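Engineer: return atomic coordinates for the entry below.
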Amino acid sequence: MHVGMGIIFQGQGEGRSDHEVYRNELRLGDLAEPLGFESLWGVEHHFTDYTMCPDVLQYLSYFAGRTERIQLGSMVVVLPWHNPIRVAEEVVMLDHMSNGRFVFGMGRGLARVEFEGFGLNQENSRQIFVESAQTILEGLERGYCEFDGQFVKQVRRNLRPAPFKSFRGRTYAAAVSPESSQIMAKLGVGLLIIPQKPWETVAQELEDYRRLFHQVNGSEAPPPIAAGWTICDADAGRAEEMARKHIGAYWHSVIRHYEFVGSHLMNMKGYEAYRAVQERVSAKGGVDAMTDFILNLQVWGTPEQCYDRIVSIQKRIGGEAFTGIFSYGGMPYDYAEKSMRLFAREVAPELRKLVPLEKQLIAKAGVGKAADAESFRLNA
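Structural biologist: Numbering: from 1, shown residues only. Sure, this is the predicted structure:
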């Protein structure tokens, strides 16, 4: 099984400056390769302390120069907030600088504070995402971008430096709603699974996604990559205490950033799947109930408990890769480091035995020549 880690630069913690957050999070990132993690991931968010990484590709470029072996993944680049040909250029440039170690994750965004900050109509986000994704994915395969859509108008321009290997098999997308999963199947990209829904629901949506993926692409969908907010501690009681405190704090930051207590998502075009979530959270006692629910989806406990939780996730989704997030919710950095080191020493080696490296799709991705760019065309 492929075992990665991510850092998210969450700006919580009494008395922490943004500079302190960056010094410590980058220090944790420097441990990824020495500790044996096989990939390092980052996220993109803007304007709040929810996570303070407004340019995930810049962050990954930093680590491209500080590492030699591990893959570098975006979780995710939010396409509606960017010019698509600029994303394509930056992706190719990072891939050259890392010698082909980049794994491209993309998404469409959810937070009103971010869309309004960029002056965008959020109800157009799905179509903007689709057109941007087609522009970028086609460009990465054929070496130039050209598109004539409703929102993306791109005259033909070459990408230089040119892509030197295919991005097929190493392109993923975060898809929370069933509608988004269907779009990703048509685009031919894999899925990033962030635990936030009942696993039975996730399994059904994955089944529908795989069926459509095979129908459209004539091949099996790549195994999804799961991420989880992780705490590994030799003491089970302390692990639970820290999980309730810090995973709980992270979930409360999610509620604030995405404004889940409220009603604006209930009637927003393109975000119909979030109506039920906002209704549950906004109901009396909903925040506490959802906190317990989210907590039980994540990975925490002793090394044995962490292993069992990840194996359970793998079996439910048919995945072969797990990305652990170890620092969040105002957690002391020394504790986050101890948790990460214990996980790397006692959990990761056992997980790797489940899917050997030579059989992992993510390890073999992008080795072929460019795909047919027309395969990325869809009507959505």
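Engineer: partners of the helix or strand where T323 lies in the sheet?
Structural biologist: Under the criterion of DSSP states H and E, T323 resides in strand 321-325. Sheet partners assigned to strand 321-325 using DSSP bridges are listed as strand 2-6 (parallel), strand 225-232 (parallel).
Engineer: point out the most buried one among those.
Structural biologist: Per-stretch averages of neighbours, counted by mean count of other CB atoms under 10 Å, single out strand 225-232 among these, with a mean of 26. Every residue, glycine included, has its C-beta placed from N, CA and C.
Engineer: just the C-alpha atoms of that one, please, in CSV.
Structural biologist: As requested, the backbone C-alpha atoms of strand 225-232 are provided in CSV (Å, rounded to 0.1, in the frame of the first residue of the first chain):
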residue,chain,number,x,y,z
ILE,A,225,-6.6,7.6,-2.8
ALA,A,226,-7.9,8.1,0.7
ALA,A,227,-6.8,10.8,3.2
GLY,A,228,-7.4,10.9,6.9
TRP,A,229,-6.8,13.1,9.9
THR,A,230,-4.4,10.9,11.8
ILE,A,231,-3.2,10.5,15.4
CYS,A,232,-0.9,7.7,16.3
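Engineer: flag every buried residue along the very next helix or strand once past that strand.
Structural biologist: Next helix or strand after strand 225-232 toward the C-terminus (DSSP H and E): helix 236-242. Across helix 236-242, burial judged by 16 or more other CB atoms under 10 Å covers A239, E240, M242.
Engineer: can I get the strands paired with strand 321-325 in TSV with distance to E116 and mean pLDDT?
Structural biologist: Listed next are the strands paired with strand 321-325 as TSV, based on distance: least, CB to CB, whole Å; pLDDT from 0 to 100:
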stretch	distance to E116	mean pLDDT
strand 2-6	27	97
strand 225-232	27	98
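Engineer: what about the helices in the stretch 201-350 of the chain?
Structural biologist: For the stretch 201-350 of the chain, the helices defined by DSSP state H, counting those that start in this stretch cover 236-242, 248-258, 275-282, 286-295, 303-317, 333-342, 348-352.
Engineer: so how far is the last one from its chain's centroid?
Structural biologist: Spelled out, it's helix 348-352. Centroid displacement of helix 348-352 relative to its chain, using CA atoms, centre = their mean, to the nearest Å, is 21 Å.
Engineer: give me the helices and strands touching that helix, please.
Structural biologist: On a contact count with 3 or more CB pairs under 8 Å, 6 or more residues apart in numbering; DSSP states H and E, helix 348-352 meets strand 2-6, helix 303-317.
Engineer: ok so, going back, any chance of the strands paired with strand 321-325 in CSV, plus distance to V281?
Structural biologist: Formatted as CSV, the strands paired with strand 321-325 follow (distance: least, CB to CB, whole Å):
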stretch, distance to V281
strand 2-6, 24
strand 225-232, 18
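Engineer: and those strands: which comes nearest A173?
Structural biologist: For the strands paired with strand 321-325, proximity to A173 was assessed by CB to CB; strand 225-232 is nearest, at 10.5 Å.
Engineer: hang on, the earlier thing: make TSV out of the helices and strands packed on helix 348-352 and add distance to N124.
Structural biologist: Compiled in TSV, those are given as follows (distance: least, CB to CB, whole Å):
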stretch	distance to N124
strand 2-6	29
helix 303-317	31
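Engineer: sweet, I'm off.
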